[in-house]
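K.L.:
below: sequence and its predicted model.
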Amino acid sequence: GLAQRPPRPTPGSAPAGRPEPDAVTAPTPHSALGQTEQRPAGIVTRSPAAGIDLSLVIVVCSMAYLGLALARLAWAPTSFTWPDVPFLASVAFAFAFAVLYLTIGWVTTGRSYGGYVMGLRVLTNGHRMLRWAQSFLRAVFCVFFPVGLAWVIFSPKRRSLQDVVLRTAVVYDWHVVADS
């Protein structure tokens, strides 16, 4: 079978007999056609997702710097010099953007862009969407202590230190469909 991500349903639009969007089904050993897969995600999938998110943060920060340079060029084209942004300001901006990006992604859809590409979703241990405070704390924990992800290797439940401390889980989230 071929895995395909379903569109995010709106609240109250779940078909009869199906859970609401924030009440995700528990993991199943073998998903049947039409079911949503919800197994815990391992290090092999979570690492590339984190790498994609890191790449996105680097691109956005680079574009912000180029935007600043372009603004300086437009303001004073004859005396243009490249902006000299202090290293700590650049790091602070990157960390703040990363925390904001992850927080908004996890609280609205349960996934960042890296999670979307890799078919992952972040949920509470009760298989519900994260709320703002939990999403923010998880984002801060992930940005400032990224090596916590390595705990997935040793955890029988495939949970990072962030997952253990904040009672969250990262699961595969795609819809199983038949080949055409």
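P.N.:
Perfect, thanks for sending it.

K.L.:
count of residues packed around the spatially closest residue to I43 that is not a sequence neighbour?
P.N.:
Nearest residue to I43, sequence neighbours excluded (Cβ to Cβ, 6 or more residues apart in numbering): V152, at 4.5 Å. Using the backbone N, CA and C atoms, a C-beta is placed for each residue, glycine as well. By other Cβ atoms under 10 Å, the residues close to V152 number 23.

K.L.:
residues contacting V152?
P.N.:
G42, I43, R46, R158, R159, S160 (Cβ atoms under 8 Å, 6 or more residues apart in numbering).

K.L.:
just say helix, strand or coil for the third one.
P.N.:
Under DSSP: H, G, I helix; E, B strand; the rest coil, the three-state class of R46 is helix.

K.L.:
tell me where this structure has strands.
P.N.:
Counting by DSSP state E, the chain has strands at residues 2-4, 36-37, 120-124, 168-172, 174-177.

K.L.:
for V140, list the residues it contacts.
P.N.:
V140 neighbours (Cβ under 8 Å, 6+ apart): V99.

K.L.:
again with I52
P.N.:
Y113, G114, V117, M118.

K.L.:
show the pLDDT at it.
P.N.:
Per-residue pLDDT puts I52 at 97.

K.L.:
so R158 makes contact with P40?
P.N.:
Yes. With contact defined as Cβ atoms under 8 Å, R158 reaches P40; the gap is 4.0 Å.

K.L.:
touching both of the two, which residues are there?
P.N.:
By Cβ under 8 Å, 6+ apart, the residues touching both R158 and P40 are V170.

K.L.:
separation between S155 and V171?
P.N.:
S155 sits at a distance of 14 Å from V171 (criterion: Cβ to Cβ, to the nearest Å).

K.L.:
how near is R159 to P40?
P.N.:
Distance, R159 to P40, using Cβ to Cβ: 7 Å.

K.L.:
so who does the most centrally placed residue in the chain touch?
P.N.:
The residue lying closest to the centre of the chain (Cα atoms, centre = their mean) is S112, at 2.7 Å. Applying Cβ under 8 Å, 6+ apart, we find S112 in contact with A49, D53, Y101, L102, G105, W106.
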